[in-house]
Structures are given as structure tokens and as C-alpha cells.
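Peer 1: predicted model and sequence follow; I will ask about them next.
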Amino acid sequence: MHRNGRVEMAGLSRVFEKIGERAFWGVDAGIINLEGPISRTSIPDDYASKNLIFNFPPQAIEALKFLRVNAVSLANNHTANQGKQGLADTRNLLEEAGIKSIGGPGDRDIPKVGIFTGQDMNLIVIGVHTLYGPPDISDVIRQYKQDPENRILVFPHWGTEYKRTHNVYQEEMAHAWIDSGADLVIGAHPHVVQDVEVYKNKPIIYSLGNFVFDQNFSKETQEGLLIAGEFDSKGLMLFGLPIQAIKYQPTLMKGAKKQEVLRDLYKPLEKYIEHTPLGERLYFPL
């Protein structure tokens, strides 16, 4: 999220009025990628400077609480924009608010996994920043995979900005993680929704696109996905919720536009589609 003065004066929680406070309601793991540090003190607005050194105001915490997010990934290329102290302050502020922080900008942060307990099983979320080279997380995956009650989601920051299809490096990393025991891979960073793939019956969603970002220069950078799902003892159920930003405010797509996005997203996954009274969903059996 990159702020501007109009948003800050109105209150950051106002950004999410169109999507509402129920998008992450009642889930065991409500996770977003937090693309920057949060300051402990008020900071002057620098939106006009187009500064790419990010620093979010303290109100960002209240915005996350409004959304009912309970975890954020810090495994990206902007969380260290305010140095070690800025990153430490961010982690402390999140902890004080009851929000888990996952991963970080460096390989040494990979062991900072998120652990979420559901019904008779645990979701292990591994945040990994790959832009400076492919990190080896196979040992971390194998460590948690030893417990049969664990399910593993890898949440990488990767890929080429504004490209609608994944690159060969993303594919190689995703396949290696699944070979090591990962059950699901969902990525961020390209600022647009990318394609999806299934490898060894495990889904790979290469990029969610933007949720909130000040990139209104194209239709693609104002669109994104929320992915909802549930593990059970027999497999994984998933469905996509396409979103669109209108004047920097994300809202859930509806009607024909929603169906068009989902049709394109689900096309490579036809064999996994289940038709239910509530609509189409995806199911990946173990």
C-alpha cells in the first residue's frame, strides 16, 4: 500500500469501505503482503515526490485491524526501506496489535513462519523474498512436513513486474518447493494477476496482483485476487474472489466481470472444478 495525502486525511480504514470488514471475517488465517514498514510516529506526506522508499503511518495498523487481517508477510523488497530499526518497529507494532508477521526481506528471516491452528491440522505459512536469488527453503518445508497434521503454504515475492504470465524461475522454484512437500504456492510482486498451474496435484497461483497500491495507470494494475480456501484430511478446496480498485478503494467484482475473470483463471484447472449451489470452486485431492 502506497499512501497519499487525501487517503491519510480521510483515515486509512476508509480505503477499505467498499470491500467492508467481513472479507477476512472468521478465517483461521487472513494474510496479506505488507509492502513496506510501518512507522511508530506520524510522518510527512511525500506522495508528490513519487518516492519509492516506503514508510507507512501508524494508522496502517488500524486499517489492518479494520480488515480483520491476522497476519502479514514481510518477505518483500520494501519492508527494509527504513532500515533495521524500521523493520523492528514494524514487527513490534504488528505484535502489539495481535497480527503475526511472517518472513522478512532476507534469507535469515525464512524461519519466521506463520503457524495457524484449524480443525485437527495446522497451516504453516513460509514467506520468502526471491528477488535477490532463489533461496533454499527445502529444509524448512521438510521440517514442518514431518508432522502429518501440517499443511504448507509458500508465499513468495517473485516474478517480473507487469507480466501476466510467470517466468521460468518462478516455475522452477514452485516445483522444487512442492517436490519438498509444499501443498500450495501463492505469489506476489508483479502488480498484476498472473496465470495459475497445477503441479503434482498442488495448485500454484503465480501472482495475486494488487490489493491497494497507487498504480492507476492501467486496468491490470487495478485488479487483483483474494484466494479463499480450506484444507481437510482429503485435500484442498479453493475459490477466487476477483477485486477491482476504484479510486484506490478495492471492491469485490460482481456479475459478468467477475465471471469473466474467474473463467480465465480457472481455464487451466477445469478437471478440478466442482459445481455447487454457491458457485464453482476448485478441489485438489491428496
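Peer 2: It's in. On a predicted model such as this, the values are computed, not experimentally measured, just so you know. Residues are numbered from 1 along each chain as shown.
Peer 1: neighbours of residue 69, just the number please.
Peer 2: Counted with other C-beta atoms under 10 Å, residues neighbouring residue 69 total 21. Glycine gets a C-beta too; all of them are placed from N, C-alpha and C.
Peer 1: my bad, should have said residue 198
Peer 2: When neighbours are counted by other C-beta under 10 Å, residue 198 registers 15.
Peer 1: tell me which element it falls in.
Peer 2: strand 196-199 (DSSP states H and E).
Peer 1: what sits up against that strand?
Peer 2: 166, 171, 174-175, 178, 203-206, 265, 268-269, 272, 284 (C-beta atoms under 8 Å, 6 or more residues apart in numbering).
Peer 1: now do stretch 140-149
Peer 2: 110-111, 113, 120-122, 124, 126, 150, 152, 154, 177, 180-182.
Peer 1: on the three-state scheme, residue 260 is what?
Peer 2: Counting by DSSP: H, G, I helix; E, B strand; the rest coil, the backbone at residue 260 sits in helix.
Peer 1: which stretches in the stretch 1-150 of the chain count as strands?
Peer 2: Counting by DSSP state E, counting those that start in this stretch, the stretch 1-150 of the chain has strands at residues 31-33, 71-73, 100-102, 114-117, 122-129, 150-157.
Peer 1: out of the ones you listed, flag the one nearest residue 22.
Peer 2: Minimum separation from residue 22 across the strands of the stretch 1-150 of the chain (C-beta to C-beta) falls at strand 31-33, 15.3 Å.
Peer 1: and the closest one, what does it pack onto?
Peer 2: On a contact count with 3 or more C-beta pairs under 8 Å, 6 or more residues apart in numbering; DSSP states H and E, strand 31-33 meets strand 71-73, strand 150-157.
Peer 1: starting at the chain centroid, how far to the biggest strand by length in the chain?
Peer 2: The longest strand of the chain (DSSP state E) is strand 235-246. Here the centre of mass of C-alpha atoms in strand 235-246, compared against the chain's by C-alpha atoms, centre = their mean, to the nearest Å, lies 11 Å away.
Peer 1: re earlier: would you point out the most distant pair within the contacts of stretch 140-149?
Peer 2: Farthest pair in those, by C-beta to C-beta: 110 and 120, 26.8 Å.
Peer 1: which one's more surrounded, those two?
Peer 2: Neighbour tally, residue 110 and residue 120, criterion other C-beta under 10 Å: the higher count belongs to residue 110, 20 against 9.
Peer 1: from memory the more buried one sits against residue 137, does it?
Peer 2: Yes - when contacts are counted by C-beta atoms under 8 Å, residue 110 is listed as touching residue 137 (5.6 Å).
Peer 1: quick check: neighbours shared by these two?
Peer 2: 126, 128.
Peer 1: quick one on the thing from earlier: parallel or antiparallel, list what pairs with the longest strand of the chain.
Peer 2: Here strand 235-246 has these sheet partners by DSSP bridges: strand 223-232 (antiparallel), strand 249-252 (antiparallel), strand 279-285 (antiparallel).
Peer 1: the last one - what's its average pLDDT?
Peer 2: Looking at strand 279-285 alone, the average pLDDT works out to 95.
Peer 1: equivalent analysis for stretch 174-186, please.
Peer 2: 98.
Peer 1: now do stretch 115-129
Peer 2: Averaging pLDDT residue by residue across stretch 115-129 gives 95.
Peer 1: CA atoms of it as PDB?
Peer 2: In PDB, the C-alpha atoms belonging to stretch 115-129 read as follows (Å, rounded to 0.1, in the frame of the first residue of the first chain):
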ATOM      1  CA  ILE A 115       1.600 -21.200  12.200                       C
ATOM      2  CA  PHE A 116      -2.200 -21.200  12.200                       C
ATOM      3  CA  THR A 117      -4.200 -23.900  14.000                       C
ATOM      4  CA  GLY A 118      -7.500 -25.000  12.500                       C
ATOM      5  CA  GLN A 119      -9.600 -28.200  12.800                       C
ATOM      6  CA  ASP A 120      -7.300 -31.000  13.600                       C
ATOM      7  CA  MET A 121      -4.500 -29.600  11.400                       C
ATOM      8  CA  ASN A 122      -2.100 -26.700  11.200                       C
ATOM      9  CA  LEU A 123      -1.300 -24.300   8.300                       C
ATOM     10  CA  ILE A 124       2.400 -23.400   8.100                       C
ATOM     11  CA  VAL A 125       3.000 -20.300   6.000                       C
ATOM     12  CA  ILE A 126       6.500 -19.600   4.800                       C
ATOM     13  CA  GLY A 127       7.200 -16.100   3.400                       C
ATOM     14  CA  VAL A 128      10.200 -15.900   1.100                       C
ATOM     15  CA  HIS A 129      11.700 -13.000  -0.800                       C
END
